[in-house]
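Novice: When you get a sec, could you give me coordinates for this:
(chains A, B, C and D)
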Protein chains: 2
Amino acid sequence: MVDIFKALAEESRLRILSLLLEGELCVCEIEACLRMTQSNASRHLAALKKCGILESYKNAQWTYYKMNDAFIQQNKGLWEHLKDRLKVLPSYLLDCEEYRKCKAQGLCRQNKKPH
Amino acid sequence: MVDIFKALAEESRLRILSLLLEGELCVCEIEACLRMTQSNASRHLAALKKCGILESYKNAQWTYYKMNDAFIQQNKGLWEHLKDRLKVLPSYLLDCEEYRKCKAQGLCRQNKKPH
DNA sequence: TACGCTTATGAGCATTTACTCATATACTAT
DNA sequence: ATAGTATATGAGTAAATGCTCATAAGCGTA
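Specialist: I've put the predicted structure just below:
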């Protein structure tokens, strides 16, 4: 229990989760949307995965992270809280705007294969 | 949001909250039940109060802390989570046992006035 | 094979956090 | 008033955490 709260007790990690409410993203997309270094993005994602909040899979050179279904099933109250509150983070609208720009500009390799 | 998670990201503070599920307690009761120093108990309680999870009032020389009703009202999902999970903390049964001992032995002054 | 892109991680450093010890304040009862 | 109890908090220290820079490993394409 305390491990989950430790993972949630960091603003950058909450911003990551707010983006992942909409679906999965790879590390470089998160890095771009949140304007953080590759190193930081990777480490924060690893921390969220380690405590079970996120899961990941690899496709080609990309690692995709998304909410862990088991976490959602096993933490319904907390998940309701997160779904509501992550969307009212002060940074949320700006981060979403960056996400749209990234998608429009085709960041990461432009010709990713579907998966 | 992050301030609340920071406050919850500490095992001693979760144990304090688990005791306060049942009702209010003064600092020296928490200190005794959780076998922590007076200084630590006071500081952890102050941290939980500062972010709005707890509220407190004074009566004679005692300060009583309890869950903040406004927090419960405004964080229903998180509160459901806490109510469930605090009771399955590894330390919970032992801490409750200490609480019963404290009450039986009349710790704090034995002749507290009702309030 | 060689190169570029993506990701993970080691090392060093700065900041934050939690702890202990000491002390100050406030209240009660004698 | 004086002593005892309860609480809060300053100072110093040790541990944990997050950041940057550098590097290594994996994968795809030319």
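
Novice: rest of the way, CA atoms for contacts and neighbours
Specialist: Noted.

Novice: Just checking the lowest-mean-pLDDT helix or strand in chain A against chain B, any contact.
Specialist: Ranked by mean pLDDT, DSSP states H and E, the helix or strand of chain A with the weakest confidence is helix A:92-105, at a mean of 89. No - counting by C-alpha under 8 Å from any C-alpha of the partner chain, chain B has no neighbours in helix A:92-105; the shortest distance is 12.8 Å.

Novice: Flag every residue of chain A that's near DNA strand D.
Specialist: A:K6, A:A7, A:A9, A:E10, A:S12, A:M36, A:T37, A:S39, A:N40, A:H44, A:A60, A:Q61 (C-alpha under 7 Å from any atom of the strand).

Novice: In chain A, where is pLDDT below threshold?
Specialist: A:109-115 (pLDDT under 70).

Novice: Look through it and state the residue closest to DNA strand D.
Specialist: Of all residues in chain A, A:A60 sits closest to DNA strand D, at 3.7 Å by C-alpha to the nearest atom of the strand.

Novice: neighbours of that residue, just the number please.
Specialist: Around A:A60 there are 8 other residues, counting by other C-alpha atoms under 10 Å in any protein chain shown.

Novice: Please report the distance of it from A:Q105.
Specialist: 21 Å (C-alpha to C-alpha, to the nearest Å).

Novice: same thing with A:S42?
Specialist: Distance from A:S42 to A:Q105, by C-alpha to C-alpha: 22 Å.

Novice: ok so, going back, tell me how far the least confident helix or strand of chain A is from the chain's mean position?
Specialist: Here the centre of helix A:92-105 is set off from its chain's centre by 13 Å, with C-alpha atoms, centre = their mean, to the nearest Å.
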